[in-house]
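Engineer: sequence and predicted structure are below.
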Amino acid sequence: MVRLIVYNIEYCEGMTGLWWEYLYFWRIFFPPPKLDQEIVEQLKKLKPDILALVEVDTGSFRAKKDEVVFFEQKLGMKSFVEKVKYPIHGWLKLFHHIPILDKQANAIIAKKKLSHVKYHVFHEGTKRLIIEATIHLPKKVTMLLAHLALGGETRVKQIKELIAVVNNIKNPVILMGDFNTFHGEKEIQILLDKTHLHHKFSMDKLSQTLTQPTYHPSRRLDYVLTSKQIKVKKYNVLNYHFSDHLPLLIDFDVKK
């Protein structure tokens, strides 16, 4: 059995989605101290084999350290891949020269070695990066971590590009991340229809499949979609109030 947790940790700024919390703008620069340690202590209880992090700081003055390395070491994991989510071409390459923005990334951390790492870049949007990494469980499984655009029209275009990426992979696939589907899960229906991916939301109680905002979840923005060879045994939304997103926990086996 393999345990995967997918969590948008919002750079450890400690918001739960209440509008007035965003008036605490200083948290962008000075997040609550030791919040990352609090998250680690809760994750230790769950013993994940794979941890996918969205909105993680990889070493700006805000975090004062690479949070990916911190999570890897504290959770006793062996391998990670991290990448700033902004492209290095076009006007967005400027983000790589702006403090804090130049360290805003997504990451996959695992107990087993990650290999065949690739980076796909959407043609549109601000957050354009898709991380691809393969893990042996022992059968090869390819993981894709994405953080889709806030704008609906751009998301539609990104999802179409995701379809091509998924269909070009021969291994069983796990596609995960923050999809920002503010118009509902109907936004990903074309992704389900045109790939071999599916979801297991129904394994959890209906009231617990929503992931954002944390203080009163009213929408599902976060997803784990899997190939048919991935046999999902458990699919839970965790009641963690460290971010404006709730994390997903999935236990699965890989069919031989």
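Structural biologist: That came in fine, so what should we check first?

Engineer: which helix runs longest in this protein?
Structural biologist: helix 152-167 (DSSP state H).

Engineer: output the contacting helices and strands for that helix.
Structural biologist: The contact analysis (3 or more CB pairs under 8 Å, 6 or more residues apart in numbering; DSSP states H and E) places helix 152-167 against strand 129-136, strand 140-147, strand 173-178, helix 189-193. To be clear about C-beta, it is placed using only N, CA and C from the backbone, and glycine gets the same treatment.

Engineer: the same query, at a cut-off of 7 Å, please.
Structural biologist: Contacts defined by 3 or more CB pairs under 7 Å, 6 or more residues apart in numbering; DSSP states H and E place helix 152-167 against helix 189-193.

Engineer: ranges for the helices of the stretch 1-150 of the chain?
Structural biologist: Applying DSSP state H, counting those that start in this stretch to the stretch 1-150 of the chain gives helices spanning 35-46, 67-74.

Engineer: let me know the angle separating the longest one from helix 67-74.
Structural biologist: Right, helix 35-46. 40 degrees (axes from the mean of the first three to the mean of the last three CA atoms, to 10 degrees).

Engineer: quick one: mean pLDDT for helix 35-46?
Structural biologist: On average, the pLDDT along helix 35-46 is 98.

Engineer: now do that helix: everything it contacts.
Structural biologist: By CB atoms under 7 Å, 6 or more residues apart in numbering, the surrounding residues in contact with helix 35-46 are 3, 5, 9, 12, 14, 51, 67, 70-71, 74-75, 240, 242, 249.

Engineer: tell me the helix or strand right after the lowest-mean-pLDDT helix or strand in the chain.
Structural biologist: When the helices and strands of the chain are scored by mean pLDDT, DSSP states H and E, strand 230-237 comes last with a mean of 94. Using DSSP states H and E, the helix or strand that follows strand 230-237 in sequence is strand 248-254.

Engineer: other SSEs contacting that next one?
Structural biologist: strand 2-8, strand 222-226, strand 230-237.
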